[in-house]
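> sequence first, predicted coordinates after that:
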Amino acid sequence: MMALQTQGVPETCMAGTFHSHGWLALLVTMVGLAGAFYSLAKGFSWLREQADARRTGGLAPNRHAAKAWLLGVWVLVPPAWLFVEDIFLFRSFGKAECFDQFRYAQELVSRGWIVLVAVLTVLYFGREIAGRE
């Protein structure tokens, strides 16, 4: 904590970004992380289904619609949340002196979101993109 304070983070920002709604950001973060782990686990499960079907000579279930819906959720919901958080929550409940730290945190989250969407796209549709299926 001392290292962050020496870098110029105001002490008031160390206790959270929102005066009374910090629990909402924490809840959304926890739900988002659980959703990311679930989406990755489903992707690996679907890959295992395909590998088992190829190994046994059977037909793998068609999961294209489920993959598309799950990826679509990840493409639309996180940016919508970042928009709501920025426009409505921070402007109503945020601490003005913490705006730079808030924006930096949103930038980090958006980079992680882009990486997750790219990984899920390759995981779900990599064979189709590469033309192997």
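Cool, the structure landed. As the structure is a computational prediction, the values presented were derived from the model and not from experiment.
> tell me what the longest helix anywhere in the chain is packed against?
Counting by DSSP state H, the longest helix found in the chain is helix 22-56. Helix 22-56 is packed against helix 64-84, helix 99-130, with contacts defined by 3 or more CB pairs under 8 Å, 6 or more residues apart in numbering; DSSP states H and E. Yep, even glycine has a C-beta here, placed from its N, CA and C like the rest.
> pretty sure Ile129 sits against Leu123.
No. Using CB atoms under 8 Å, Ile129 makes no contact with Leu123, being 10.9 Å away.
> who has more neighbours, those two?
Residue environment comparison for Ile129 versus Leu123 gives the larger neighbour count to Leu123, 17 against 11, counting by other CB atoms under 10 Å.
> surely the more buried one touches Leu40?
Yes. Counting by CB under 8 Å, Leu40 is a contact partner of Leu123 at 7.2 Å.
> show me the contacts for the spatially most central residue of the chain.
Among the residues of the chain, the one closest to the centroid is Trp113, at 4.4 Å (CA atoms, centre = their mean). By CB atoms under 8 Å, 6 or more residues apart in numbering, the contact set of Trp113 is Trp74, Pro78, Pro79.
> Val28: which of the residues you listed is nearest?
Comparing the contacts of Trp113 against Val28 with CB to CB places Pro78 closest, at 9.7 Å.
> how close does that closest one sit to Asp86?
If you measure Pro78 against Asp86 using CB to CB, to the nearest Å, the figure is 12 Å.
> got the phi and psi for the residue lying farthest from the centre of the chain?
In the chain, the greatest distance from the average C-alpha position (CA atoms, centre = their mean) is reached by Gly57, at 35.8 Å. For Gly57, the backbone dihedrals are phi 80, psi 10 (criterion: degrees, to the nearest 10).
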